[in-house]
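Peer 1: coords please:
(2 chains)
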Protein chains: 2
Amino acid sequence: MSKRSFSLRSPLDMHIHFREGAMMRRVAPLSAETFAGGVIMPNLVPPVDNLDRLSKYEREIRETVDGHAFEPYMTLFMRPYTESELASMKDRIIGVKLYPEGVTTHSEGGVGNLRDIEGTLALMEELDIRLMVHGESTDFVMDRERAFLPVYEDLAARFPRLAIVMEHITTRESAELLDRHENLSATVTLQHLLITLDDIAGGLLNPHLFCKPIAKRPEDREALLALALEAHPRLAFGSDSAPHPVDKKESAGCAAGVFTAPIALQMLVGLFEEHGALDRLQAFVSDNARRIYGVAPPEKTVVFEKTGAVIPERYGDVIPMYPGRELDWKVAEVR
Amino acid sequence: MSKRSFSLRSPLDMHIHFREGAMMRRVAPLSAETFAGGVIMPNLVPPVDNLDRLSKYEREIRETVDGHAFEPYMTLFMRPYTESELASMKDRIIGVKLYPEGVTTHSEGGVGNLRDIEGTLALMEELDIRLMVHGESTDFVMDRERAFLPVYEDLAARFPRLAIVMEHITTRESAELLDRHENLSATVTLQHLLITLDDIAGGLLNPHLFCKPIAKRPEDREALLALALEAHPRLAFGSDSAPHPVDKKESAGCAAGVFTAPIALQMLVGLFEEHGALDRLQAFVSDNARRIYGVAPPEKTVVFEKTGAVIPERYGDVIPMYPGRELDWKVAEVR
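Peer 2: A predicted model of the protein is given here:
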């Protein structure tokens, strides 16, 4: 008999874009309602790359999600940092996020040459600060993640005590790399477990499924799904939920990002149930992250019921993944 | 010294979407102004697949381009046809266009199983009617053309006297196939000589560069460009210019098609000049087609001058490829 009710304890979103201002007020409470914590990306304009900006951004988030049991795990935008800078912020962050220059939204100020941050990486290894990486080169769009893998291998080998997170992996090769270095872990999004480039560009072009890294081939999706369904011990869920106003999506130059925060858990329950893997979802969306990142999120239980639900067409001016689609599971209670 | 003036005699567009009604009145005169003829695609709703529809569609086109030296080469939408049907329309058409079911705009009524048209293909071979093919399968979007190549090989071998046009080829493998069967020829678009998937989805997502078949990898583009620059004797220019109103492009479900008709020749002059191949452009945009299709288009000379021009932002509610981009060459005179 199939389950009619299912619970998750303190689910975590280890890669989330909260933005700022009005957009944050729209989206952050949606995450904070069901998730017990999230890793907050620092690619704002200007980026979060100093103590003052970090403090103010964290305060804005805490005020916005006030009343929810939700812990924001803050990150810094990678640049060359001094030891005293890192020491002063170490206890306030869960890691430093590396964006190679020009690969995604607001990465214009990213790192052009990895040599520029060699010293910072050595300091991070020493100070036990995690490195989180948007692992793409500027090659042909379908090759960018694969082309970046030697960089991961090089970093993992040269900084063996540096914890390195391969963010939002999208290829079979990345999934395989996870087992080759003890100090590598990864996050994976909901959409990369579900879609391929076909869903974006195989029929009508769908800007609401367009993100960076772009969804790849069927064999890539299958490898990622297998990794998630087994709740690989070095894999954590990170939605990479990235809201843009509809006029930035349905436009001549559509911004990269899929908005999944308010529906990700419900869809994951359905996906894991479909594959007979519901017993591994707790590890994938929470327990793995607690262990990998050494975090202890607020206690929170999310109860799902199999009574059906429909994904809203819009959240204000933001269109989610699969607007209007019927889901099997809905969030019935959060306690 | 580089040329300041250049002329083409009776350029031909061997793959063009004229649509109907208001859209035709907007776009057809733009083609007819500079081209001396074009192969008119039949994928309307309902499709052009009988004598009455064919006659009315041809009449609408002739009325719309009245005053221009422009010959519309009509096509039929593939379905199982009887011998008497084909015989009655043979002299009115340049070929029959095969759309596998569901692969592009208005191909819902396309052919699901090639066995259904075996008899029609045999009749076409006998009656000397050309077969034009949208050569895509329904596999993963980047593999569709490659997956279709065995069908071309099979048709070319089994119907050796049937003239087969591989429409809008986009891959290196298709370029290579051209030399393996005497009865195969091909068309190639402007955009597939210029862009890859990177231009569509490598930065911001650009719906105005989205078409079917989708632009492929850099090595594919290079192979196509090499084929065009040498004016391969079995290759003809076919723009596949496919206008959609802007609200169908900048939308949650963007229709496939790039609108290039009014700027294609100017851009081709620039492209061939850049590669030192201007002396082969006459073959690529006219002479090859005259020979391959056995047509004698109206006399027309298009004079280009290297004085610079800017691509309009819009043609009514249709946005062209590269709106606002500066071009080296403009059409100075048509006589």
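Peer 1: interface residues of the stretch 1-150 of chain A facing chain B?
Peer 2: By Cβ under 8 Å from any Cβ of the partner chain, the residues of the stretch 1-150 of chain A that approach chain B are A:Phe140, A:Val141, A:Met142. In this view, the C-beta of every residue, glycine as well, is placed from N, C-alpha and C.
Peer 1: wait, what's in contact with the last one?
Peer 2: Spelled out, it's A:Met142. By Cβ atoms under 8 Å, 6 or more residues apart in numbering or on different chains, the contact list for A:Met142 reads A:Leu197, A:Ile214, A:Lys216, A:Arg217, B:Met142, B:Leu197, B:Arg217.
Peer 1: hmm, try it at 10 Å
Peer 2: A:170-171, A:197, A:213-214, A:216-217, A:220, B:142, B:196-198, B:201-202, B:216-217 (Cβ atoms under 10 Å, 6 or more residues apart in numbering or on different chains).
Peer 1: helices of chain A, start to end?
Peer 2: A:21-34, A:51-64, A:83-89, A:118-127, A:144-158, A:172-177, A:191-194, A:197-201, A:218-229, A:246-249, A:264-274, A:281-282, A:288-293 (DSSP state H).
Peer 1: could I get those helices as a markdown table with mean neighbour count and mean pLDDT?
Peer 2: Converted to a markdown table, the helices of chain A look like this (neighbours: other Cβ atoms under 10 Å in any protein chain shown; pLDDT from 0 to 100):
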| stretch | mean neighbour count | mean pLDDT |
| --- | --- | --- |
| helix A:21-34 | 19 | 98 |
| helix A:51-64 | 15 | 98 |
| helix A:83-89 | 15 | 97 |
| helix A:118-127 | 17 | 97 |
| helix A:144-158 | 17 | 95 |
| helix A:172-177 | 19 | 98 |
| helix A:191-194 | 23 | 98 |
| helix A:197-201 | 22 | 98 |
| helix A:218-229 | 19 | 98 |
| helix A:246-249 | 17 | 98 |
| helix A:264-274 | 21 | 98 |
| helix A:281-282 | 20 | 98 |
| helix A:288-293 | 20 | 98 |
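Peer 1: for A:Arg325, which of the ones you listed is the nearest?
Peer 2: helix A:264-274 (9.0 Å; Cβ to Cβ).
Peer 1: so how far is that closest one from its chain's centroid?
Peer 2: 17 Å (Cα atoms, centre = their mean, to the nearest Å).
Peer 1: ok so, going back, which one among the residues of the stretch 1-150 of chain A next to chain B gets closest to A:Met89?
Peer 2: A:Val141 (33.9 Å).
Peer 1: in contact with A:Asp139, which residues?
Peer 2: Contacts of A:Asp139 (Cβ under 10 Å, 6+ apart): A:Glu145, A:Arg146, A:Ala147, A:Phe148, B:Asp198, B:Gly202, B:Pro218.
Peer 1: again, 7 Å this time
Peer 2: Counting by Cβ atoms under 7 Å, 6 or more residues apart in numbering or on different chains, A:Asp139 touches A:Ala147.
Peer 1: now A:Leu149
Peer 2: By Cβ under 7 Å, 6+ apart, the neighbours of A:Leu149 are A:Glu173, A:Ser174, A:Leu177.
Peer 1: look up how far chain B lies from it.
Peer 2: 19 Å (Cβ to the nearest Cβ, to the nearest Å).
Peer 1: what does A:Pro207 give?
Peer 2: Counting by Cβ to the nearest Cβ - A:Pro207 and chain B are separated by 6 Å.
Peer 1: so which of the contacts of A:Met142 is the closest to B:Glu182?
Peer 2: Distances from B:Glu182 to the contacts of A:Met142, taken by Cβ to Cβ, are shortest for B:Lys216, at 26.0 Å.
Peer 1: and stretch A:180-197, how far apart are its ends?
Peer 2: 27 Å (Cα to Cα, to the nearest Å).
Peer 1: contact residues of the stretch 151-300 of chain A facing chain B?
Peer 2: Contact residues (Cβ under 7 Å from any Cβ of the partner chain) of the stretch 151-300 of chain A with chain B: A:196-198, A:201-202, A:204-208, A:210, A:214, A:217-218, A:250-255.
Peer 1: and stretch A:189-202, how far out from the chain's middle?
Peer 2: The mean C-alpha position of stretch A:189-202 is separated from the chain mean by 16 Å, Cα atoms, centre = their mean.
Peer 1: and the pLDDT at A:His181?
Peer 2: As predicted, A:His181 sits at a pLDDT of 95.
Peer 1: can you tell me the closest non-neighbouring residue to the residue in the stretch 51-200 of chain A positioned nearest to chain B?
Peer 2: Closest residue of the stretch 51-200 of chain A to chain B, Cβ to the nearest Cβ: A:Val141 (4.2 Å). Of all residues not flanking A:Val141 in the chain, B:Gly202 sits nearest, at 4.2 Å (Cβ to Cβ, 6 or more residues apart in numbering or on different chains).
Peer 1: tally of neighbours for that neighbour?
Peer 2: 20 (other Cβ atoms under 10 Å in any protein chain shown).
Peer 1: before we move on, what about A:Thr307?
Peer 2: 11.
Peer 1: same deal with the one 4 residues further on?
Peer 2: For A:Ile311, the number of neighbouring residues by other Cβ under 10 Å comes to 18.
Peer 1: and the one 3 residues further on, by the same measure?
Peer 2: Burial measure for A:Arg314: 12 neighbouring residues, criterion other Cβ under 10 Å.
Peer 1: same check on the one 3 residues further on?
Peer 2: Taking other Cβ under 10 Å as the criterion, the count of residues near A:Asp317 is 15.
Peer 1: my read: it touches A:Pro245, true?
Peer 2: Yes - under the contact definition of Cβ atoms under 7 Å, A:Asp317 touches A:Pro245, with a separation of 4.5 Å.
Peer 1: relative to B:Arg9, which of the helices of chain A is closest?
Peer 2: helix A:197-201 (38.1 Å).
Peer 1: give the contact list for A:Ser88.
Peer 2: A:Leu51.
Peer 1: so it versus A:Leu54, what's the distance?
Peer 2: 10 Å (Cβ to Cβ, to the nearest Å).
Peer 1: A:Leu114 and A:Phe159: what is the separation?
Peer 2: 12 Å.
Peer 1: scratch that, A:Ala228
Peer 2: For A:Ala228, the distance to A:Phe159 - Cβ to Cβ - is 27 Å.
Peer 1: then A:Pro243?
Peer 2: 33 Å.
Peer 1: repeat that for A:Asp198.
Peer 2: 37 Å.
Peer 1: wait, A:Val303 sits on A:Ala332?
Peer 2: Yes - using Cβ under 7 Å, A:Val303 is in contact with A:Ala332, at 5.0 Å.
Peer 1: could you verify my assumption that A:Arg130 touches A:Val165?
Peer 2: Yes - using Cβ under 7 Å, A:Arg130 is in contact with A:Val165, at 6.4 Å.
Peer 1: now for these two: what residues contact both?
Peer 2: A:Gly95.
Peer 1: quick one, which of these two is more surrounded?
Peer 2: Taking A:Arg130 and A:Val165 together and counting by other Cβ under 10 Å, A:Val165 has the greater number of neighbours (28 against 22).
Peer 1: the more buried one reaches A:Ser185, doesn't it?
Peer 2: Yes - here A:Val165 reaches A:Ser185: they are 5.3 Å apart, a contact under Cβ under 7 Å.
Peer 1: not counting its neighbours along the chain, what's nearest A:Gly253?
Peer 2: Nearest to A:Gly253 is B:Leu204, by Cβ to Cβ, 6+ apart, at 3.7 Å.
Peer 1: tally of neighbours for the closest residue to A:Ser185 other than its chain neighbours?
Peer 2: Counting by Cβ to Cβ, 6+ apart, A:Ser185 lies nearest to A:Arg234, which is 4.2 Å off, once chain neighbours are set aside. Neighbours of A:Arg234 under the rule other Cβ under 10 Å: 18.
Peer 1: list the contacts of A:Arg234.
Peer 2: Contacts of A:Arg234 by Cβ under 7 Å, 6+ apart are A:Leu178, A:Leu184, A:Ser185, A:Ala186, A:Ile292.
Peer 1: try 8 Å
Peer 2: Counting by Cβ under 8 Å, 6+ apart, A:Arg234 has contacts A:Leu178, A:Leu184, A:Ser185, A:Ala186, A:Asn288, A:Ile292.
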